[in-house]
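S.K.: pasting the sequence and the predicted model now:
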Amino acid sequence: MPFVFVGDEAFPLKNYLMRPFPGNALSKERRILNFRLSKARRCVENAFGIMAERFRIFRKPITASVETCKAIVAATVCLHNFLQLADDAMPPLKRRYCPPGFSDTFSPDGDTILGLWRQEKCALKTVGRFGSNMHTKSAAQWNISAV
């Protein structure tokens with residue numbers, strides 16, 4: 001399977017981009033795919049939101065060459081993954097990189113509980129406020145009963 005980007009309805013159709021099927025009258029398979037794509041987008045949004053909060057270089061536009069930007073992103077992704085793995089080995093109350101409540105979670109009834117990283121002053125603070133990546137309570141209930 002090739003590598004792809006995950007986007008929402010605002011992105012154009014491209015063969016390197018997966019985006020949800022439009023409309024409401026969808027087959028069960030398409031609704032499941034849409035739900036999974038939404039979940040993948042939220043996961044990526046959380047990771048980049050946490051990184052933007054933790055690594056100050058992402059708090060403003062990076063004024064560097066494309067090659068330097070690639071190296072910066074690669075280095076911070078590696079550091080993020082290392083710190084996240086180290087954090088996961090700790091008891092929840094001792095986690096410092098991503099303490100409880102810092103990333104988005106879900107309530108038992110399927111509502112999204114926004115993580116504390118969204119309250120911080122970082123470059124990605126507005127991510128997710130456009131509505132396309134927030135599933136509704138009914139979508140969560142559908143997922144529980146249909147999947």
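M.R.: Sure, I can see it. All values derive from a computational prediction rather than experimental measurement.
S.K.: show me which helix runs longest in the chain.
M.R.: Of all segments of type helix in the chain, defined using DSSP state H, the longest is helix 28-54.
S.K.: for that one, name the packing helices and strands.
M.R.: Under the contact criterion of 3 or more Cβ pairs under 8 Å, 6 or more residues apart in numbering; DSSP states H and E, the helices and strands touching helix 28-54 comprise strand 5-6, helix 66-88, helix 137-146. In this view, the C-beta of every residue, glycine as well, is placed from N, C-alpha and C.
S.K.: among the ones you listed, which comes closest to Thr105?
M.R.: Thr105 lies closest, by Cβ to Cβ, to one member of the helices and strands packed on helix 28-54: helix 137-146, at 12.5 Å.
S.K.: between helix 66-88 and the longest helix of the chain, find me the angle.
M.R.: Interaxial angle of helix 28-54 relative to helix 66-88 (axes from the mean of the first three to the mean of the last three Cα atoms, to 10 degrees): 100 degrees.
S.K.: and helix 28-54, which residues are buried?
M.R.: In terms of neighbour count (16 or more other Cβ atoms under 10 Å), helix 28-54 has its buried residues at 31, 34-35, 37-38, 41-42, 45-54.
S.K.: from the helices and strands packed on helix 28-54, which stretch is densest packed?
M.R.: strand 5-6 (a mean of 15; mean count of other Cβ atoms under 10 Å).
S.K.: can you tell me what sits against that one?
M.R.: For strand 5-6, the surrounding residues in contact (Cβ atoms under 8 Å, 6 or more residues apart in numbering) are 11, 16-19, 37, 40-41, 44.
S.K.: distance between it and the chain's centre?
M.R.: Centroid separation between strand 5-6 and its chain, computed with Cα atoms, centre = their mean, to the nearest Å, is 11 Å.
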